[in-house]
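A.B. asks: here you go, sequence then predicted model.
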Amino acid sequence: MVDLRHHGDVEVGDLLDFAVNTYAGPRPPWLEATLRNSLSAIDRYPDPTKARAAIARHHGRSPSEVLPTAGAAEAFTLIARAVPWERPVVVHPQFTEPHAALEQAGCRVTEVVLREPFGLDPRQIPDDADLVVIGNPTNPTGVLHPADAIRALLKPGRLVVVDEAFMDTVPGETESLAGEAASGLVVLRSLTKHWTMPGIRAGYLLADAATVGDLAHGQVPWSVSTTAAAAMAACASPVAEAEARRRAHEIAAWRTHLCNGLTSLNIPYVPSATSFVLARPGAGVHEELREAGIACRRADTFPGLGRAWLRIAVRPPQMTDRLLAVLPDCWDAPRAVPHHPLDMP
């Protein structure tokens, strides 16, 4: 048994933060102004209509195919409670909240655990699965699955839920399915990571109009706050698109610096497409890093991983260098066996 409700934010405290996957930089002025200006409208009940329209334009969808939610977490709960799923499948290792939401809804979850290097083979999914949940790119592995591999999961009588919470960190958002209105496909997005505003709880899901209507029926009134709705509209604007692209390329450069450092230390890692890297420095390193004042995300709460793994958030090079300087003192040299990143025993 693992703690499915353990998340990186509880690991930080006053430590140097490599545990939370938010962008390591300030919010742009236009977003700051939007958040502050939204307070002038909090004397009225929230209305996400403008946010829904902006998101629809951004993805080339109809507003009827968009459902704003209080972060991706609310979407997982809505899906878990939508119907009495008979064979829900969660593809691990991945973000554990959908698994926890399904269990909370009384479902017995089937785990499909991918082995390193954590690529998806659609044949691994049970044929009778009526719900499949998968991340892309996946948290915590950083693996970006081919869109065709996920399309291959679609079949009559099955709902395929793709958590694209980190897709905006991928330059060009390659392999995204957000613009596809396929029957049985639900794509989730989160704005909290790329725009560094987890306290706002801003997210949305994209699906065919009938599915959106069914899921909206289970949503509590006014679950999306006025400030969250304003943030959604702003982050779907053309100026936001340009800044999102810039950040994605910046994150890729930061990630290269981190991976080069891990390679120089002979620490195995999984090649990542997003704002974190899954590394395997060995058991006990998580605790030793904490003693040294550095928080990384422990990975033993992700089904399929264990204490030897760490998820390391991508940070600017100067900050990353502080982690790389401490790592050699946190593990025994004999354990540092050279590996190609994909050569995981």
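C.D. replies: Yep, that arrived.
A.B. asks: could you list the buried residues of whatever helix or strand Ala210 lives in?
C.D. replies: Assigning secondary structure by DSSP states H and E places Ala210 in helix 209-217. Neighbour counts over helix 209-217 (16 or more other CB atoms under 10 Å) mark Thr211, Val212, Asp214, Leu215 as buried. In short, each C-beta sits where N, CA and C put it, glycine included.
A.B. asks: and it, what does it pack onto?
C.D. replies: With contacts taken as 3 or more CB pairs under 8 Å, 6 or more residues apart in numbering; DSSP states H and E, helix 209-217 sits against strand 66-69, helix 71-82.
A.B. asks: in three-state terms, label Val133 for me.
C.D. replies: strand (DSSP: H, G, I helix; E, B strand; the rest coil).
A.B. asks: and the helices and strands packed on helix 209-217 as JSON lines, adding mean pLDDT, mean neighbour count and distance to Met319?
C.D. replies: Output for these, formatted as JSON lines (pLDDT from 0 to 100; neighbours: other CB atoms under 10 Å; distance: least, CB to CB, whole Å):
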{"stretch": "strand 66-69", "mean pLDDT": "98", "mean neighbour count": "26", "distance to Met319": "32"}
{"stretch": "helix 71-82", "mean pLDDT": "95", "mean neighbour count": "23", "distance to Met319": "26"}
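A.B. asks: ok, back up a step: okay if I get the buried residues of helix 209-217 as CSV plus pLDDT and distance to Lys193?
C.D. replies: Shown next, in CSV, are those (pLDDT from 0 to 100; distance: CB to CB, whole Å):
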residue, pLDDT, distance to Lys193
Thr211, 97, 24
Val212, 97, 23
Asp214, 96, 27
Leu215, 97, 22
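A.B. asks: now the strands for the stretch 151-300 of the chain?
C.D. replies: Ranges of strands within the stretch 151-300 of the chain are 159-163, 185-190, 203-206, 276-279, 294-298, based on DSSP state E, counting those that start in this stretch.
A.B. asks: among those, which is nearest Gly306?
C.D. replies: Nearest to Gly306 among the strands of the stretch 151-300 of the chain is strand 294-298; the distance by CB to CB comes to 9.9 Å.
A.B. asks: what element comes up after the closest one heading to the C-terminus?
C.D. replies: strand 310-313.
A.B. asks: can I get that following strand as PDB, trimmed to CA atoms?
C.D. replies: Extracted C-alpha coordinates of strand 310-313, given in PDB (Å, rounded to 0.1, in the frame of the first residue of the first chain):
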ATOM      1  CA  LEU A 310      13.500  10.700  -7.000                       C
ATOM      2  CA  ARG A 311      11.600  13.200  -9.100                       C
ATOM      3  CA  ILE A 312      13.600  16.300  -9.500                       C
ATOM      4  CA  ALA A 313      11.900  19.500 -10.600                       C
END
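A.B. asks: identify each buried residue in it, please.
C.D. replies: Under the neighbour-count criterion of 16+ other CB under 10 Å, strand 310-313 has Leu310, Arg311, Ile312, Ala313 buried.
A.B. asks: widest-spaced pair of the residues you listed?
C.D. replies: Leu310 and Ala313 (10.3 Å).
A.B. asks: common neighbours of the two, please.
C.D. replies: Common contacts of Leu310 and Ala313, defined by CB atoms under 8 Å, 6 or more residues apart in numbering, comprise Cys296, Arg297.
A.B. asks: for the chain, what's the longest helix?
C.D. replies: Ordering each helix of the chain by length in residues (DSSP state H) puts helix 238-264 first.
A.B. asks: neighbours around Gln219, how many?
C.D. replies: Gln219 has 17 neighbouring residues, counting by other CB atoms under 10 Å.
A.B. asks: what sits closest to it if chain neighbours are left out?
C.D. replies: Nearest residue to Gln219, sequence neighbours excluded (CB to CB, 6 or more residues apart in numbering): Leu78, at 6.1 Å.
A.B. asks: got a list of what the one you found touches?
C.D. replies: Listed by CB under 8 Å, 6+ apart, the contact set of Leu78 reads Thr69, Leu205, Leu215, Gly218, Gln219.
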